[in-house]
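Chemist: I'd like to go over a predicted model; first the sequence, then the structure.
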Amino acid sequence: MTDRHFMDEPGNLSDSRNPHIQDVIARRFSRRSLLTSLVAAGAVAGLGAAFPLRDALAQGGSTLAFKSLALKIDETHHVPEGYKADLVIGWGDPVAKGAKPLDLANQTAASQAGQFGYNCDFIAFMPLPMGSANSEHGLLFVNHEYTNGEMMHPGVKSASENRAKADKAWTEVEMAAHGGAVVEVKKEGGAWKYVADSRFNRRITGTTEMAISGPAAGTDRLKTSVDPSGKRILGMLNNCGGGTTPWGTVLTCEENFNGYFGGDAAKTGKEAANHKRYGIPAMERSWYGWARNHDRFNIEKEPNEPNRFGWIVEIDPYDPGFQPVKRTALGRFKHEAATTVVNKDGRVVVYTGDDEAGDYVYKFVTRGIYNAQNRAANFGLLDEGTLYAAKFTDEGAVEWIALEHGQGKLTAENGFASQADVLIEARRAADVVGATRMDRPEDVEFNPVNGRVHVMLTNNSGRGEKVPLDNANPRAKNSYGHIIEIIPPGSEKGEPDHAALKATWEMFVLAGNPAEAAHGAMYHKDQAETGVWFAAPDNVAFDPQGRIYVLTDQGSAQKRNKIPDGVFVADSEGPAKGLFKLLFACPIDAEMCGGAFTPDGKTLFLSVQHPGEGTNFDSPNTRWPDFKAGQPPRPAVVAVHRPDGKEIGA
Ligand code: FEO
Ligand code: CA
Ligand code: CA
Ligand code: CA
């Protein structure tokens, strides 16, 4: 989701939070060394900005053989020579059995609930048959993060007009366009297509009934007037990032759930501070008409309903009848990503981040161990274990601090009566234990080749003012974002211990234009002379060789930066570590999401989210991907591959 969506959201940073590690003295990146790198970047730019990538790099340095796209924004997408992008499925395409095709003039909740939803985001590719490494046939699980009503139907000029005009029936269309989709896909005759009548195909929406498990399930703070059990929840909302498990399920992450609710937090009694910390807006600032039209989104009527959102949801895409489960042991916040690693001792580690300016990076470590022989035995694995928040010291250490009730300050005296309270208010628990406030943690993913964990920190214009500087977040008014590598102990021996309580960290990239000294960018020393740069790293993926694919989301800053959002690729090791090329450019005002490789590394599935955002149905600035008169753009999934059959990137 872009920043634009947050423009009229009240700030929800509490000023009473942790004193910052700015005050810790010995700096990993001293001001002096940062300045040196700025000067160096400017100097290189001054000498060589107009020259193409040097031959030496093209020949020997980088393992990337394709020619980078130019940084140009237009109404369509682009791939390099020798690559193609197949349109796989887009908003409104029939998914479930018997679903109708999209009828723009007659959209109903019932028709939308059978069709591919809006704003595709995270993608998982799950091979068919299950457990195989088939790279030409499988299931896609795709998130539908949010809706742009002003792009979906005529006569509405803007998001705020959509909110003001939405009646009950329209809000139900929007709810049906949220959630996720399971879609069977196949590569046939050299092109990827979805299978329209597959028995696996399924839509999950903002009203699908789901279960909830783990320490917070069934506790009082999850009970509502329609669900006195606190265990039966309708829908998942704002599912953005995600991950897959080794047992073949999907973890899909609820992110900005706050904006669907509305009301005066002060009138919600003991939930008031909680709602404020998570940014539940006043009724008139609610992002949609839902809270006005449906009591469950009105916090004054149902103060506990927001506590039922902001979780990681587990779904088995291979079982069309599987009831999704919200796993509370992984904590409640604006989850971005759920990257799963089986640790060397068999425990499962899930890395996740909280996408808010000044919030935290987390990991969860299961108590039990993964059972490779018995798939069913793993389905409760994520219900018991320890959630940790990360502290990044200025000296380059990472300390993982357990969020366990009864330990340290996580006691009744501080308002945590149980582990359920710690998990429901995971943000406040992390505040209390002194985790490091980060520049909007987005995707967190581990590199399968070197075991390092990469954290995308997308931007934070309030850094240096609302949140003090530190070495892990070193730029004031961080407009461009950065990427940190967490190095678990044992990585150098090829045996990373992801469950360890300590690790180290290094800065991988400070994004921005390395040819503009004022940006304070830091890349490979030769990046500036290529002319390629990016801003707002959001999603990340690794190919089987360990190359890093950074997917960007500049939001409204795309206009200022004048570069497209897309996929920027670099080697993650070796002489060309951090030397990026542009592999895929999005159409105008779209954000790049997804980033799922087939096991052979030959296909990369991408979500083109909200093309044309900021315009409207009646006068869009692109009609991607159909380019049909009178029809708005459609968010859609594309499959990038090479007709010569070789791996992406190579
Ligand atoms: Fe939905 Fe944090 O991106
Ligand atoms: Ca995003
Ligand atoms: Ca990812
Ligand atoms: Ca983003």
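Modeler: Thanks, I have it. Numbers count the residues shown, from 1 in each chain. Ligands and ions are numbered 1, 2, ... in the order given.
Chemist: how about whichever residue of the stretch 201-350 of the chain sits closest to ligand 3, nearest residue that isn't a chain neighbour?
Modeler: Taking Cβ to the ion as the measure, the stretch 201-350 of the chain has Ala337 as its residue closest to ligand 3, at 5.9 Å. C-beta: built from backbone N, CA, C; applies to glycine. Nearest residue to Ala337, sequence neighbours excluded (Cβ to Cβ, 6 or more residues apart in numbering): Gly241, at 4.0 Å.
Chemist: neighbouring strands for the host helix or strand of the one you found, and are they parallel or not?
Modeler: Counting by DSSP states H and E, the element that carries Gly241 is strand 239-244. Strand 239-244 pairs in its sheet with strand 250-254 (antiparallel), by DSSP bridges.
Chemist: check the offset of the strand it pairs with from the chain's centre.
Modeler: Its chain's average C-alpha position is 10 Å from that of strand 250-254, according to Cα atoms, centre = their mean, to the nearest Å.
Chemist: what residues does that strand touch?
Modeler: Applying Cβ atoms under 8 Å, 6 or more residues apart in numbering, the external contacts of strand 250-254 come out as 122, 124, 126, 141, 143, 180, 236-245, 309-317, 327, 334-338, 340, 350, 352, 382.
Chemist: would you mind listing what in the protein touches ligand 2?
Modeler: 538, 553 (Cβ under 5 Å from the ion).
Chemist: apply 6 Å and report the result again.
Modeler: 1, 240, 538, 553, 591, 593 (Cβ under 6 Å from the ion).
Chemist: and the second one, how far from Cys593?
Modeler: Pointing back at Cys240 there. 8 Å (Cβ to Cβ, to the nearest Å).
Chemist: low-confidence ranges, the stretch 101-250 of the chain, go.
Modeler: Nowhere does the stretch 101-250 of the chain drop to pLDDT under 70.
Chemist: if we can go back for a sec, the residues of the chain next to ligand 2 in strands, which ones?
Modeler: Judged by DSSP state E, strands contain the following of those: 240, 538, 591, 593.
Chemist: check the residues you listed and tell me the two furthest apart.
Modeler: Cys240 and Glu591 (10.5 Å; Cβ to Cβ).
Chemist: circling back: between the residues of the chain next to ligand 2, which is nearest Asn374?
Modeler: Cys240 (31.5 Å).
Chemist: so what's the closest one up against?
Modeler: 1, 121-122, 143, 145, 253-256, 335-336, 355, 593.
Chemist: repeat the analysis, applying 7 Å as the threshold.
Modeler: Residues near Cys240 by Cβ atoms under 7 Å, 6 or more residues apart in numbering: 1, 121-122, 143, 145, 253, 255, 336.
Chemist: which of those tops the neighbour count?
Modeler: Asn143 (33 neighbours; other Cβ atoms under 10 Å).
Chemist: do you know how far that residue is from Ala181?
Modeler: For Asn143 relative to Ala181 (Cβ to Cβ), the value is 8 Å.
Chemist: now do Ala636
Modeler: 12 Å.
Chemist: follow-up on the earlier one: for the ones in strands among the residues of the chain next to ligand 2, which one is nearest ligand 1?
Modeler: Cys240 (3.3 Å; Cβ to the nearest ligand atom).
Chemist: how about the helices of the stretch 351-500 of the chain, start to end?
Modeler: 419-424, 426-433 (DSSP state H, counting those that start in this stretch).
Chemist: okay if I get these as JSON lines plus mean neighbour count and distance to ligand 4?
Modeler: Shown next, in JSON lines, are the helices of the stretch 351-500 of the chain (neighbours: other Cβ atoms under 10 Å; distance: least, Cβ to the ion, whole Å):
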{"stretch": "helix 419-424", "mean neighbour count": "24", "distance to ligand 4": "24"}
{"stretch": "helix 426-433", "mean neighbour count": "24", "distance to ligand 4": "18"}
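Chemist: quick one: closest of those to Asn616.
Modeler: Closest among the helices of the stretch 351-500 of the chain, using Cβ to Cβ: helix 426-433, at 34.6 Å.
Chemist: what helices and strands are in contact with that closest one?
Modeler: strand 385-392 (3 or more Cβ pairs under 7 Å, 6 or more residues apart in numbering; DSSP states H and E).
Chemist: elements contacting the strand it packs on?
Modeler: For strand 385-392, the packing partners by 3+ Cβ pairs under 7 Å, 6+ apart are strand 361-369, strand 397-402, helix 426-433.
Chemist: using CSV, write out every CA atom in it.
Modeler: Output of strand 385-392 as CSV, limited to C-alpha atoms (Å, rounded to 0.1, in the frame of the first residue of the first chain):
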residue,chain,number,x,y,z
GLY,A,385,6.7,-20.6,20.8
THR,A,386,8.4,-17.2,21.5
LEU,A,387,7.9,-13.9,19.8
TYR,A,388,11.0,-11.6,19.8
ALA,A,389,11.5,-7.9,18.9
ALA,A,390,14.8,-6.8,17.5
LYS,A,391,17.2,-4.3,19.0
PHE,A,392,19.8,-3.1,16.6
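Chemist: tilt between it and strand 361-369?
Modeler: Angle between the axes of strand 385-392 and strand 361-369 is 150 degrees (criterion: axes from the mean of the first three to the mean of the last three Cα atoms, to 10 degrees).
Chemist: average pLDDT for strand 385-392?
Modeler: Strand 385-392 shows a mean pLDDT of 98.
Chemist: likewise stretch 584-604?
Modeler: 98.
Chemist: start at 392, not 1
Modeler: Right, with 392 as the first residue, what we last looked at is stretch 975-995.
Chemist: so, low pLDDT: which residues of this structure?
Modeler: 392-451.
Chemist: what about the helices in it?
Modeler: Ranges of helices in the chain, per DSSP state H, are 422-439, 446-447, 500-503, 540-543, 550-556, 559-568, 663-668, 681-684, 810-815, 817-824, 918-921, 948-952.
Chemist: export those as a markdown table, with columns for distance to ligand 1.
Modeler: As requested, the helices of the chain are exported to a markdown table (distance: least, Cβ to the nearest ligand atom, whole Å):
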| stretch | distance to ligand 1 |
| --- | --- |
| helix 422-439 | 26 |
| helix 446-447 | 38 |
| helix 500-503 | 21 |
| helix 540-543 | 17 |
| helix 550-556 | 16 |
| helix 559-568 | 15 |
| helix 663-668 | 18 |
| helix 681-684 | 18 |
| helix 810-815 | 21 |
| helix 817-824 | 15 |
| helix 918-921 | 25 |
| helix 948-952 | 14 |
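Chemist: residue contacts, whatever residue of the stretch 642-791 of the chain ends up closest to ligand 2?
Modeler: Across the stretch 642-791 of the chain, the shortest distance to ligand 2 (Cβ to the ion) belongs to Glu727, at 7.4 Å. By Cβ under 7 Å, 6+ apart, Glu727 lies in contact with 631-632, 644, 646, 744, 746, 832-834.
Chemist: dig out what it forms beta bridges with.
Modeler: Gly744.
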